[in-house]
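Enquirer: Need the 3D shape of this:
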Amino acid sequence: MSPPTSHRCRALPVLAAALAALLCGLAPPAAADGPAGWTARPAGGTGQHTRSYVYLEGAPGTVLQDRLAVTNSGRTPLTVRLRGDGRAGAWIRFAEDTVSVPARTRAEVPLAVTVPPDTVPGDASGAAVAVGGGEEIRVPVRVRTVGPTLAALSVEDVEISGGSIRYTLVNRGNAMLRPRLAVRAEGVFGTLLDRPERPLPLELSPGRKAERTEPWPDAPALDAVTVRLRVTASGGVRDEAEASATYIPVAPAVGAGLLVLGGLAAIASGAYRRRRTGRAAPQPPPDTGSSAWPQPRERTGPPAEPGGRAKEESRAEPGRTAKEEGPVEPGRTAKEESPVGSGRTAMAERPVETEPLLKAGAKT
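Expert: Predicted coordinates:
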């Protein structure tokens, strides 16, 4: 009788085989390469050397050639339509745009890629598209235009808006670029924001631009800031740009404006009232202490001779005597004709003719 350990050793391989069969039955089937019944891929190469995309390289103005293989593994004929897509796909021309492939047959279709003469050196991508049997297969196409490589990147249109910073990146060279960005903001009292250089989730093709926004959630409420952006990329590419903005709280600004307007209105109202008061003030009454009659002029000439006329003493018009200057009421003398100031006589106040008076005294 054999020992029990020998039975166990013989049972182990059986159990392992059964377990492997069970696992194989539960495993999902392998994924098919392309639609069931047919495939499309670059021609040439088998096994590990099979190509998954078309790669061509040449100078501007050259024509590059390759082939696309369409394999029909089905039992019925297959009709496939071919076209190009994308930047490099627009340069593709097929020998035939429609191909009929018999059952269980492979057809190789020649294709030509013409690089435009004005193409700048760099990479371009596209696809060769095959459509048939209700399915579509896309074969990637990559074309590299040889020549001097120029890497150039610029940051433009920097704008500060609330809690965000907007800017535009432009690839002005002929090389693919992966930009890196650094942000710094300075205020009146020092640095407000300092973000070190970091890569952006962006791959910028030659001649392309991208508009981006940098968040700034803790932007100041009251300050004058200057934001500087610095972008870099491989190949020694570097560019900087800046923008300035003033942050002012809306509510306090409105309140201050209203307060200033109120003060100006009060000042203007006070000035207007003072002007009105000055215009309406009564004029002071005339001085009643002085005589209403005009003050007589002092005699500066020599005294009148007896018997002479007072014509030379008065300023009467030529041809008129003092008697004609104004009539004398009966019973009044010339002394009463005009008011007399203190210490002055009527003779000094108003010249009177003396000849009639002397004749009257002679008669009496």
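
Enquirer: okay, and for the stretch 201-350 of the chain, where does confidence drop off?
Expert: 250-258, 260, 272, 278-350 (pLDDT under 70).

Enquirer: at 90 what do you get?
Expert: 205-207, 234-236, 248-350 (pLDDT under 90).

Enquirer: got it, and the stretch 1-150 of the chain?
Expert: Scanning the stretch 1-150 of the chain residue by residue, the ranges that satisfy pLDDT under 90 are 1-37, 44-50, 87, 118-124, 133, 147-150.

Enquirer: for it, what spans make up the helices?
Expert: Along the stretch 1-150 of the chain, counting by DSSP state H, counting those that start in this stretch, helices occupy 4-26, 86-89.

Enquirer: OK, contacts around the closest residue to residue 162 other than its chain neighbours?
Expert: Nearest residue to residue 162, sequence neighbours excluded (C-beta to C-beta, 6 or more residues apart in numbering): residue 219, at 6.7 Å. C-beta: built from backbone N, CA, C; applies to glycine. Taking C-beta atoms under 8 Å, 6 or more residues apart in numbering, we find residue 219 in contact with 162-163, 192, 225, 247.

Enquirer: Please flag which of these sit within helices.
Expert: With helices defined by DSSP state H, no entry of these lies inside them.

Enquirer: ChimeraX command to pick out the buried ones of those?
Expert: Entered in ChimeraX, the line below selects the buried ones among the contacts of residue 219, by 16 or more other C-beta atoms under 10 Å:
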select :192,225
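
Enquirer: Could you identify the most distant pair in the contacts of residue 219?
Expert: Across the contacts of residue 219, no pair lies farther apart than 162 and 192, at 14.3 Å, counting by C-beta to C-beta.

Enquirer: hmm, back to that, in strands, which of the contacts of residue 219 fall?
Expert: Judged by DSSP state E, the contacts of residue 219 include 192, 225, 247 as members of strands.

Enquirer: Present those as TSV; the columns should include distance to residue 42.
Expert: Putting the ones in strands among the contacts of residue 219 into TSV (distance: C-beta to C-beta, whole Å) gives the following:
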residue	distance to residue 42
192	55
225	55
247	59
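
Enquirer: Now flag whichever of these is closest to residue 120.
Expert: residue 225 (38.6 Å).

Enquirer: is it true that that closest one touches residue 247?
Expert: Yes: with contact defined as C-beta atoms under 8 Å, residue 225 and residue 247 form a contacting pair (6.9 Å).

Enquirer: Tell me, what's the model's pLDDT at the closest residue to residue 157 other than its chain neighbours?
Expert: Excluding the flanking residues, the one nearest residue 157 by C-beta to C-beta, 6+ apart is residue 168, at 4.5 Å. Note on residue 168: pLDDT of 97.

Enquirer: With residue 174 instead?
Expert: 80.

Enquirer: Mind telling me what element residue 275 is part of?
Expert: Element membership for residue 275, per DSSP states H and E: helix 250-280.

Enquirer: so what's the nearest residue to residue 246 once chain neighbours are set aside up against?
Expert: Using C-beta to C-beta, 6+ apart and skipping residues adjacent in sequence, the residue nearest residue 246 is residue 224, 4.8 Å away. Taking C-beta under 8 Å, 6+ apart, we find residue 224 in contact with 187-188, 244-247.

Enquirer: And the next helix or strand past the helix or strand where residue 159 lies?
Expert: Mapping residue 159 onto the secondary structure by DSSP H and E places it in strand 153-161. For strand 153-161, the succeeding helix or strand toward the C-terminus, using DSSP H and E, is strand 164-171.

Enquirer: can you list contacts of that following strand?
Expert: Under C-beta under 8 Å, 6+ apart, the answer for strand 164-171 is 152-160, 177, 179, 183, 200, 202, 204-216, 227, 229, 231, 241, 243.

Enquirer: hmm, which of the residues you listed are the buried ones?
Expert: Using 16+ other C-beta under 10 Å, the buried ones in the contacts of strand 164-171 are 152-155, 158, 160, 177, 179, 183, 200, 204-206, 214, 216, 227, 229, 231, 241, 243.

Enquirer: Counting only strands, which of the residues you listed make the cut?
Expert: 153-155, 158, 160, 183, 214, 227, 229, 231, 241, 243.

Enquirer: which of the contacts of residue 219 lies closest to residue 105?
Expert: residue 163 (64.1 Å).

Enquirer: Show the pLDDT at that closest one.
Expert: For residue 163, the model assigns a pLDDT of 91.

Enquirer: In contact with it, which residues?
Expert: So residue 163 contacts 215-219 (C-beta under 8 Å, 6+ apart).

Enquirer: Ok, residue 215 next?
Expert: So residue 215 contacts 163-165 (C-beta under 8 Å, 6+ apart).

Enquirer: How much space separates it from residue 128?
Expert: To residue 128, residue 215 is 41 Å away according to C-beta to C-beta, to the nearest Å.

Enquirer: Then residue 76?
Expert: 24 Å.

Enquirer: same question, residue 37
Expert: Taken as C-beta to C-beta, the span from residue 37 to residue 128 is 19 Å.
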